[in-house]
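Peer 1: I would like the atomic coordinates for the input below:
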Amino acid sequence: MQKTALIVGISGVIGRALAEQLTGEGWRVYGLSRGRGEVPAGCISLIADLTDDQAVITALRDITPDALFFSVWARQQNEQANIRVNGAMVKNVIHALGERLRGAHVALVTGMKHYLGPFEAYGKGNVPVTPFREEQGRQQVENFYYAQEDEVFAGAEKYGFRWSVHRPHTIIGYALGNAMNMGLTLAVYATLCKEKGWPFIFPGSPEQWNGVSDVTDADVLAEQLSWAAQSPNAANADFNAVNGDVFRWNWLWPKLADYFGIEPADYPTSMLPLEGRMQEAATAWRDIAQRYHLRENDVSKLASWWHTDADLGRPMEAFADMSKSRKAGFTGYRCTLDSFMTLFDRLREEHIIPR
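Peer 2: Numbering: from 1, shown residues only. As a prediction, this is how the structure comes out:
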């Protein structure tokens, strides 16, 4: 029989990759979102404000999923508000489905901030030694990831479903209008540098420039989520989800520059975050979009300067161990350079950046 999946946050970079993975495997895929983004082809769109429990109940009244996937968050002004809002979104969906989840699988996507702490508290907790391992547990700081996990755990106890938690690093994949999209942001940044003659400066910290890092290809994460929903070895477990290789930005940055036909700048004497340097980006991008007939002329719908600054500005080395997944049977892998090149190629094909 055909399996049914419900993806909460289907229009984001993770949700889109997962939808493509599951439809390719023959699943019937429903996507629950606020309706602000395009739903992947072949999926059934459900629209609701996830913070409105009655709206969620109404939207899901006819759905009985074999697997429920959460890849959703809404940025708030502080972590207390993040906990309240983002925890409630998970709770509302689980309670709306209730007994229909009995025997199903529920997967929650969080991330490396499980180990690092939230944006406003990076490095303020006892950051574990790299590579991060699942057994290292939670930091002693407030974190909406933990609130979302607790809602999944409580729901599993009440409704009898199995669960998995997935912790990717920075996601590299295709999506538009996403608040956490470093690959697209760097593509836009490099295009602006090429067209305007701006220096292609690494905007982050010396620790990130020189230290070991990793990223997560959205397709690898989608493969892991699909595996976890079907493998007995993934029941009631947390997993890191990264490409499986590591790199240093001082090696990768010149290779990204080479793709766009520009020269990489030397590392600056102090950090130069993108958000403070991209004041002219909106006007410049409109001109570029018009000249090359691009699909989107609003740079704010493409680039997330603040999030890329947060990722690359970390004052510590950050990469994750994949041994737990490997031992459980998941062997997905991507070369990180290929992840970026594949994304850039698709952005050109879709007329998001110039060819």
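Peer 1: Output the longest helix belonging to the chain.
Peer 2: helix 79-97 (DSSP state H).
Peer 1: could you point out which element follows that helix?
Peer 2: strand 105-109 (DSSP states H and E).
Peer 1: Can you name every helix or strand that that next one contacts?
Peer 2: strand 67-70, helix 144-159, strand 162-168, helix 218-230 (3 or more CB pairs under 8 Å, 6 or more residues apart in numbering; DSSP states H and E). C-beta: built from backbone N, CA, C; applies to glycine.
Peer 1: With just CA atoms, put the shortest one into CSV.
Peer 2: Listed in CSV are the C-alpha atoms of strand 67-70, where the atom choice follows Å, rounded to 0.1, in the frame of the first residue of the first chain:
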residue,chain,number,x,y,z
ALA,A,67,5.2,9.5,8.9
LEU,A,68,5.1,13.0,10.2
PHE,A,69,8.1,15.3,9.5
PHE,A,70,8.8,18.6,11.3
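Peer 1: which stretches of the protein form helices?
Peer 2: Counting by DSSP H, the helices of the chain are 13-24, 53-59, 79-97, 113-116, 144-159, 182-196, 206-210, 218-230, 249-259, 274-277, 281-292, 305-312, 323-328, 336-349.
Peer 1: residues near A328, how many?
Peer 2: Per other CB atoms under 10 Å, the neighbour tally for A328 reads 18.
Peer 1: Surely it touches S231?
Peer 2: Yes. Between A328 and S231 a contact is recorded at 7.1 Å, counting by CB atoms under 8 Å.
Peer 1: rewinding a little: report the angle between the longest helix of the chain and helix 144-159.
Peer 2: 20 degrees (axes from the mean of the first three to the mean of the last three CA atoms, to 10 degrees).
Peer 1: Helix 79-97: how far from the chain's middle?
Peer 2: 18 Å (CA atoms, centre = their mean, to the nearest Å).
Peer 1: just stretch 294-303 next, same as before
Peer 2: Counting by CA atoms, centre = their mean, stretch 294-303 comes out at 19 Å from the chain centroid.
Peer 1: related to what we said a few turns ago, make JSON lines out of the helices and strands packed on strand 105-109 and add mean neighbour count, distance to L274 and mean pLDDT.
Peer 2: As requested, these are exported to JSON lines (neighbours: other CB atoms under 10 Å; distance: least, CB to CB, whole Å; pLDDT from 0 to 100):
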{"stretch": "strand 67-70", "mean neighbour count": "29", "distance to L274": "29", "mean pLDDT": "98"}
{"stretch": "helix 144-159", "mean neighbour count": "19", "distance to L274": "24", "mean pLDDT": "98"}
{"stretch": "strand 162-168", "mean neighbour count": "23", "distance to L274": "22", "mean pLDDT": "98"}
{"stretch": "helix 218-230", "mean neighbour count": "24", "distance to L274": "22", "mean pLDDT": "98"}
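Peer 1: possible to save the ones you listed as CSV with distance to E134?
Peer 2: Shown next, in CSV, are these (distance: least, CB to CB, whole Å):
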stretch, distance to E134
strand 67-70, 18
helix 144-159, 12
strand 162-168, 8
helix 218-230, 13
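Peer 1: what does the longest helix of the chain contact?
Peer 2: Applying CB atoms under 8 Å, 6 or more residues apart in numbering, the external contacts of helix 79-97 come out as 6, 8, 32, 50-53, 56-57, 59-60, 63-65, 68, 70, 72-76, 101, 106, 108, 118, 120-121, 142-144, 147-148, 150-152, 155, 159.
Peer 1: Buried ones from those, can you make that a PyMOL selection?
Peer 2: Those of the contacts of helix 79-97 that count as buried under 16 or more other CB atoms under 10 Å are selected in PyMOL with:
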select buried, resi 6+8+32+50+53+56+57+59+60+63+65+68+70+72+73+74+101+106+108+118+142+143+144+147+148+151+152+155+159
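Peer 1: Sketch out the low-pLDDT regions of the stretch 1-150 of the chain for me.
Peer 2: 121-125 (pLDDT under 70).
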